[in-house]
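**Q** Structure for the following, please:
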Amino acid sequence: MESKSPAISIKNLTKNYGKCRGVRNLSLQVESGDIFGFLGPNGAGKSTTIRSILGLLKFSEGSIEVLGMTMPDSQEEVLCKIGYMPSEAMFYPAMKVKDIIRFAASMRGIDCREEAERLCERLALDGNKKIGELSLGNRKKVSIVCAMQHRPELLILDEPTSGLDPLIQAEFFKLIVEYNRNGTTCFLSSHVLPEIKKYCKHAAVIKDGEVIYSDTVENMTRSNTKRIRMIRDGKEEEFVYQGDLNELFAGFAGHNIEDIIIEEPSLDEIFMHYYD
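**A** Residues are numbered from 1 along each chain as shown. Coordinates of the predicted model:
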């Protein structure tokens, strides 16, 4: 049986903004059927990477393949198979929710009414309200429905849960898991670490436009990173350490260690270690 092409394959991507670089020499692979987390602080290059994947930015160097097709050459064909949710979606404020959703479906030439109604019900979204009357959270719901109603082969989600209340966040991820089980690959850009740990299979950490770590989420959170709390030479110290503890202890030679506690770090500390 022939194996599927990766859902996303990026090789040596570089995007320059004048004298500044948005991303540099970035390589990343997302396998078909994965729920992939893309982590990084604001300004790290997450949105630049996503817009390059979608063919919305002309990049300086490198190559991108999406669903086995070269971007941006195959942009039209690729976008037909993608559901994209930007971090901040803008809609016509005078239009009703149901009209926006129907308009999004019509742009694809697909009848998505049944799935759209199901999604609106699951997300408690009132289709008769005007966009201008909606809170940030409800506008996010509209964006979710527009991205998912055509049951895409690949979902690209940029900070999807900001503004959603906890109950809707939980329902949203139930939908993600359901879509994934039915064959949809999910690429999730986020800085909400518990979401990544709970739902993603693989993840990459981006900093200053470069991927600095990529692995399974299980391996990333089961690393040899430790939180060290100690009293050395009369001073209290606390830090996160990643590496061979024997080397750490060898570095203590000649110091007076009065007390030391070695603990598993929190999820936030693990990823902040990569950022730092």
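**Q** can I assume residue 24 is in contact with residue 210?
**A** Yes: counting by CB atoms under 8 Å, residue 210 is a contact partner of residue 24 at 6.0 Å. Any C-beta I mention is one placed from the backbone N, CA and C, and that applies to glycine too.
**Q** which helix in this protein runs the most residues?
**A** What stands out as the longest helix in the chain, according to DSSP state H, is helix 166-181.
**Q** For that one, list every residue counted as buried.
**A** 168-169, 171-173, 175-176, 179-180 (16 or more other CB atoms under 10 Å).
**Q** got a list of contacts for that helix?
**A** The contact list for helix 166-181 (CB atoms under 8 Å, 6 or more residues apart in numbering) reads 33, 35, 119, 122-124, 137, 141, 144, 148, 151, 155, 160-161, 164, 186, 188, 195, 198-199.
**Q** Also stretch 209-219?
**A** So stretch 209-219 is contacted by 21-28, 37, 44-45, 48, 196-197, 200-206, 220, 274 (CB under 8 Å, 6+ apart).
**Q** Next up, the contacts around the residue most central in space within the chain.
**A** Centroid-nearest residue in the chain: residue 189, 1.8 Å away (criterion: CA atoms, centre = their mean). Counting by CB under 8 Å, 6+ apart, residue 189 makes contact with 38, 46-47, 50, 87, 156-159.
**Q** Can you lay out these as CSV showing distance to residue 103, secondary structure and pLDDT?
**A** Output for the contacts of residue 189, formatted as CSV (distance: CB to CB, whole Å; DSSP: H, G, I helix; E, B strand; the rest coil; pLDDT from 0 to 100):
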residue, distance to residue 103, secondary structure, pLDDT
38, 29, strand, 93
46, 28, helix, 90
47, 24, helix, 89
50, 23, helix, 94
87, 21, coil, 86
156, 20, strand, 97
157, 21, strand, 94
158, 21, strand, 91
159, 23, coil, 88
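**Q** could I get those residues as TSV with neighbour count and distance to residue 94?
**A** Putting the contacts of residue 189 into TSV (neighbours: other CB atoms under 10 Å; distance: CB to CB, whole Å) gives the following:
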residue	neighbour count	distance to residue 94
38	28	34
46	23	32
47	19	28
50	20	29
87	17	23
156	27	28
157	24	27
158	22	26
159	19	26
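**Q** quick one: which of those is nearest residue 260?
**A** residue 38 (36.1 Å; CB to CB).
**Q** now that closest one: how far from residue 224?
**A** Distance of residue 38 to residue 224, given as CB to CB, to the nearest Å: 24 Å.
**Q** how about the closest residue to residue 38 other than its chain neighbours, secondary structure?
**A** In this structure, residue 38 finds its nearest non-sequential neighbour in residue 189, 4.4 Å apart by CB to CB, 6 or more residues apart in numbering. The three-state assignment at residue 189 reads strand, by DSSP: H, G, I helix; E, B strand; the rest coil.
**Q** can you tell me how far residue 145 sits from residue 113?
**A** In terms of CB to CB, residue 145 sits 11 Å off from residue 113.
**Q** Give me the more crowded residue out of those two.
**A** More crowded of residue 145 and residue 113, by other CB atoms under 10 Å: residue 145, with 28 against 13.
**Q** mind listing what the more buried one touches?
**A** Counting by CB under 8 Å, 6+ apart, residue 145 has contacts 101, 116, 119-120, 123, 125.
**Q** now, among those residues, which is nearest to residue 232?
**A** Nearest to residue 232 among the contacts of residue 145 is residue 123, at 52.7 Å by CB to CB.
**Q** Now residue 120: closest residue in space, sequence neighbours ignored.
**A** Residue 120's closest residue in space is residue 127 (CB to CB, 6+ apart), at 5.7 Å.
**Q** hmm, I was thinking of residue 137
**A** residue 163 (4.6 Å).
**Q** Isn't the one you found up against residue 142?
**A** No: taking contacts as CB under 8 Å, residue 163 lies outside contact range of residue 142: 11.6 Å.
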